[in-house]
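Undergrad: Let's see this in three dimensions:
(one chain, ligands or ions: 2)
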Amino acid sequence: MRSSKDFFRPLAVGAPQPVTEIPARPSRAIHFFDPSNEKMAAKVPQMVGSVDVLLGNLEDAVKADNKEAARAGLVRIAKETAELGGQSGPTQLWTRINALDSPWVLDDLTTLVTEIGDKLDVIMVPKVQGAEDIHYVDRLLAQLEARAGLERPILVHAILETARGVANIEEICGASPRMQGLSLGPADLAADRRMKTTRVGGGHPGYLVRSDPDPDQPDAHRTTYQQDLWHYTIARMVDACAMHGIYPYYGPFGDIADVVACEDQFRNAFLLGCVGTWSLHPKQIEIANRVFAPSADDIRHARRVVAAMGDGTGAVMLDGKMEDDASLKQCLVMVELAEQLAAIDPKLKAAYDAVEVSA
Ligand code: GLV
Ligand code: MG
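TA: Ligands and ions are numbered 1, 2, ... in the order given. Reported below is the predicted structural model:
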């Protein structure tokens, strides 16, 4: 056991001081790009400012023969794109490294931290199984940060994509002060759990409940309701992250053409407590930016409750509905998120500024 007094000491001599809080930086869409794909990489500089996070992917979806090119491409892009990454830029720079049991990961970490560690905000670690995986990355990052002379620690994000990872979710979230958040990895998770869906995220028409038969017409049509395969896992992620002051995210939605179902899945995650999602195609950025922000109507209602609740205690009736200390807290979640987003998104700021609050 480690003493709580040691938790915020650097894990290597000369490494930066660990953070005591994870900043709430907007990260509605984490847009994945393959740095070894020249066409994709060329588009990165012009995307800065239009998406909250750009993520250079080194893991799955990058061919084994391209792993080194992807790593080198990410270093080059980070160095050449002045506004990308670091604490003050409009778009954060994240990476997804290769899995901890792969032959590439040691070079991923060594190269990225020493070459572009000052620009990298978050490192996403795939296929995390337990706290021991985070401890390994934590110590190694501290050693590399000390070597690179970095002044702020790079944060760590774990993908939840193994059954063991789900079983160990709370200890993963609390394994290091670097832990920034969790993403759902529905494809790997489905395979690891031996689920019988071959889709990347999203629902499945076979996962449903059916209304009872009409006793007088047992053969009549019975309405079915499709259920969300990912509800349980997302809800567990949200609780574990909230408990540790870190952030939960939906993951990939593979059916790029189905923008309607994608929006529904993103919205379910937003309503349950997620702060953002992955984007695999530019059209998913627009969906995520819209969905992971409170609507003007939400903000109108939230501000009304805040105004009506005065010192924040007691109960009031608004439009026939009871509001009290607890519903005020729900409204403050919305208002705070709107303020954070308005600070970086002029269109949202204008929409929220235009909201008029009637008594
Ligand atoms: C993402 O990495 C997934 O496996 O779904
Ligand atoms: Mg995966």
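Undergrad: Output the contacting helices and strands for the helix or strand hosting residue 157.
TA: Taking DSSP states H and E as the criterion, residue 157 maps to strand 155-160. Where contact means 3 or more C-beta pairs under 8 Å, 6 or more residues apart in numbering; DSSP states H and E, strand 155-160 is packed against strand 122-125, helix 131-148, helix 169-173, strand 179-184. Using the backbone N, CA and C atoms, a C-beta is placed for each residue, glycine as well.
Undergrad: Please convert those to JSON lines, extending it with mean pLDDT.
TA: Formatted as JSON lines, these follow (pLDDT from 0 to 100):
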{"stretch": "strand 122-125", "mean pLDDT": "98"}
{"stretch": "helix 131-148", "mean pLDDT": "98"}
{"stretch": "helix 169-173", "mean pLDDT": "98"}
{"stretch": "strand 179-184", "mean pLDDT": "98"}
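Undergrad: Next to ligand 1 in this structure, residues from the stretch 251-359 of the chain, please.
TA: Counting by C-beta under 6 Å from any ligand atom, the stretch 251-359 of the chain comes close to ligand 1 at 251-252.
Undergrad: could you pull out the strands for the stretch 251-359 of the chain?
TA: Under the criterion DSSP state E, counting those that start in this stretch, strands of the stretch 251-359 of the chain are mapped to 277-279, 315-318, 321-324.
Undergrad: Pick the most buried one from those.
TA: strand 277-279 (a mean of 28; mean count of other C-beta atoms under 10 Å).
Undergrad: from the chain's centre, how far out does that one sit?
TA: The chain centroid and the centroid of strand 277-279 are separated by 7 Å under C-alpha atoms, centre = their mean, to the nearest Å.
Undergrad: Repeat that for stretch 202-214.
TA: On C-alpha atoms, centre = their mean, the centre of stretch 202-214 falls 29 Å from the chain's centre.
Undergrad: now swap in stretch 266-279 and tell me
TA: The answer for stretch 266-279 is 8 Å, by C-alpha atoms, centre = their mean.
Undergrad: close to ligand 2, is it?
TA: No. Using C-beta under 5 Å from the ion, stretch 266-279 never reaches ligand 2; the gap is at least 10.4 Å.
Undergrad: Which one of the helices and strands packed on strand 155-160 lies nearest to residue 298?
TA: For the helices and strands packed on strand 155-160, the distance to residue 298 is smallest for strand 179-184, at 22.8 Å, taking C-beta to C-beta.
Undergrad: Between strand 155-160 and the closest one, find me the angle.
TA: Strand 179-184 and strand 155-160 are oriented at 20 degrees to each other (axes from the mean of the first three to the mean of the last three C-alpha atoms, to 10 degrees).
Undergrad: Count the residues that sit near the residue nearest to residue 275 when sequence neighbours are not counted.
TA: Leaving aside its sequence neighbours, residue 275 sits nearest to residue 247 (C-beta to C-beta, 6 or more residues apart in numbering; 4.8 Å). By other C-beta atoms under 10 Å, the residues close to residue 247 number 23.
Undergrad: Residue 311: neighbouring residues, count only.
TA: Neighbourhood size, residue 311 [other C-beta under 10 Å]: 6.
Undergrad: next one: phi and psi at it?
TA: phi -80, psi 0 (degrees, to the nearest 10).
Undergrad: Quick one: mean pLDDT over stretch 54-70.
TA: Averaging pLDDT along stretch 54-70 yields 98.
Undergrad: Tell me the buried residues in that stretch?
TA: Buried positions in stretch 54-70, judged by neighbour count with 16 or more other C-beta atoms under 10 Å: 54-59, 62, 67, 69-70.
Undergrad: wait, which of those residues is closest to ligand 2?
TA: Proximity of those to ligand 2 (C-beta to the ion) peaks at residue 59, which lies at 7.1 Å.
Undergrad: Remind me which helix or strand the closest one belongs to.
TA: Applying DSSP H and E, one finds residue 59 in no helix or strand.
Undergrad: go on, residue 248?
TA: Applying DSSP H and E, one finds residue 248 within strand 247-249.
Undergrad: In terms of secondary structure, what does that strand contact?
TA: strand 179-184, helix 231-244.
Undergrad: Convert the C-alpha atoms of the shortest one to PDB, please.
TA: Listed in PDB are the C-alpha atoms of strand 179-184, where the atom choice follows Å, rounded to 0.1, in the frame of the first residue of the first chain:
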ATOM      1  CA  MET A 179      -5.900   9.700 -14.700                       C
ATOM      2  CA  GLN A 180      -7.900  12.000 -16.900                       C
ATOM      3  CA  GLY A 181     -10.800   9.800 -18.000                       C
ATOM      4  CA  LEU A 182     -12.100   6.600 -19.500                       C
ATOM      5  CA  SER A 183     -13.600   5.800 -22.900                       C
ATOM      6  CA  LEU A 184     -15.800   2.900 -23.900                       C
END
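Undergrad: That one - contacts with which helices or strands?
TA: Right, strand 179-184 is packed against strand 122-125, strand 155-160, helix 169-173, helix 231-244, strand 247-249 by 3+ C-beta pairs under 8 Å, 6+ apart.
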